[in-house]
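Engineer: my questions concern the predicted model and sequence given below.
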Amino acid sequence: MDVIYKKYAISKTKIIDMVGMVHSSYYRRPSLGKKGNTPSKTTYHKTNGWVDQNTVIRSVKDILSHEFIDCGYRLMTAYLKRDGYLINHKKLYRIMKEEGLLKLENRINRSGSGRKFVKFRKVKTSRPFECLEMDIKMVWIPSAGKNAYLLSVIDVHTRKILKDYFSFSIKQAQVIELLSLLFLDYEYPERVVIRSDNGSQFIARSVREYLGLIGVQQEFTHVATPEENAHIEAYHGILKKEVFNRVDYRTFGEIQIILKRYVDFYNNTRLHGLLGRITPMEKWNQDKQLILMNNLTA
């Protein structure tokens, strides 16, 4: 533009019109700073008049300190307005963001975020205690008119039921207790992976922290994919066919005794086709030395 202006002595207005440029875009100069007005550091309060930003922050923290209030900036704006502040949600968003108040740190994480999902649906094992699977099955108790719950843990390599727990209630504490007894019984073998679905008892932070503490890797199946936990699902399906559909029971105590007998039968007597028509215990005895070898070479 300046070269043409000096060489041909044509006004800049004509040159702009000739090239089809918008006049304001040529004359505009960058401000070299953030757009908009400088944020105000004071806020008006109907009772106290103009107050500084620290006062607003204290008010926000006071509201969030209530045991049942956990809200974002829009609802917080409504709380502050009820308290006498004249403040809009945009200004409050900036203040809360600067102070790290948009997300509370004391929230309990029940989402199971950070959990590791299975990579391979079909499990290939070379030894016992390489991969375990656990799941919970509901069991109807006629005399009580409600379900009880059976938590079972299976060794994928041998199909042996390593541990189970039967109760009207199974929470994360019972899961940790069962796993603690299980790994204590087998002297905490190393390089163990345990699979489960995304039940609340399994994704609980305390369960994941416990398994991480003892060096057990935890994997979770994807949603609606029971085939990723196929071995324990199959065992519970066998229970339904061979026990619940055939045995007449009424009380919790009756079926509890029957389940104990069945686990003994399943591990020591029932022939398993995929194991070459031998029992899980026979397969376990064939390969259990591999667990000791793993411990010695770890």
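Structural biologist: Now that the structure is in, tell me what you want to look at. Note that the structure is predicted; figures quoted are calculated from it, not measured. Residues are numbered from 1 along each chain as shown.

Engineer: the nearest residue to P189 once chain neighbours are set aside is in what secondary structure piece?
Structural biologist: Counting by Cβ to Cβ, 6 or more residues apart in numbering, P189 lies nearest to F129, which is 4.3 Å off, once chain neighbours are set aside. Using the backbone N, CA and C atoms, a C-beta is placed for each residue, glycine as well. Following DSSP states H and E, one finds F129 outside all helices and strands.

Engineer: now do the strands in the stretch 101-250 of the chain.
Structural biologist: Secondary structure of the stretch 101-250 of the chain (DSSP state E, counting those that start in this stretch): strands at 131-141, 146-155, 161-167, 193-196, 217-220.

Engineer: what about the residue nearest to P189, neighbour count?
Structural biologist: Residues within reach of F129, counting by other Cβ atoms under 10 Å, total 27.

Engineer: could you export the strands of the stretch 101-250 of the chain as CSV, including mean pLDDT and distance to G49?
Structural biologist: As requested, these are exported to CSV (pLDDT from 0 to 100; distance: least, Cβ to Cβ, whole Å):
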stretch, mean pLDDT, distance to G49
strand 131-141, 96, 61
strand 146-155, 97, 61
strand 161-167, 97, 62
strand 193-196, 94, 59
strand 217-220, 92, 56
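
Engineer: picking that back up, I'd assumed I291 was in contact with the residue nearest to P189.
Structural biologist: Yes: counting by Cβ atoms under 8 Å, F129 touches I291, with 5.2 Å between them.

Engineer: so what sits against both of those two?
Structural biologist: The contact sets of F129 and I291 overlap at Y186, P189 (Cβ atoms under 8 Å, 6 or more residues apart in numbering).

Engineer: please work out which residues outside the longest helix seen in the chain touch it.
Structural biologist: Counting by DSSP state H, the longest helix found in the chain is helix 252-268. Residues outside helix 252-268 that contact it (Cβ under 8 Å, 6+ apart): 139, 141, 143-144, 148, 150, 160-161, 164, 166, 168, 235, 238-239, 242-243, 247, 249, 279-281.

Engineer: same thing but at 10 Å, please
Structural biologist: With contacts defined as Cβ atoms under 10 Å, 6 or more residues apart in numbering, helix 252-268 is touched by 139-144, 146, 148, 150, 152, 154, 158-164, 166-168, 235, 238-239, 242-244, 247-249, 251, 270, 272, 279-282, 284.

Engineer: which residue packs closest to I194, ignoring adjacent ones?
Structural biologist: Leaving aside its sequence neighbours, I194 sits nearest to L132 (Cβ to Cβ, 6+ apart; 4.5 Å).

Engineer: run a quick neighbour tally on that neighbour.
Structural biologist: For L132, the tally of surrounding residues (other Cβ under 10 Å) stands at 24.

Engineer: what does D287 give?
Structural biologist: By other Cβ under 10 Å, 17 other residues sit near D287.

Engineer: could you give the separation of stretch 219-234 from the chain centroid?
Structural biologist: Averaging C-alpha positions (Cα atoms, centre = their mean, to the nearest Å) puts stretch 219-234 16 Å from its chain's average.

Engineer: what comes up buried for that stretch?
Structural biologist: E219, F220, T221, E228, N229, A230, H231, I232, E233, A234 (16 or more other Cβ atoms under 10 Å).

Engineer: just checking, the first one touches V192?
Structural biologist: When you say that, I think you mean E219. No: using Cβ atoms under 10 Å, E219 is not in contact with V192; the gap is 11.0 Å.

Engineer: thanks a lot, catch you later.
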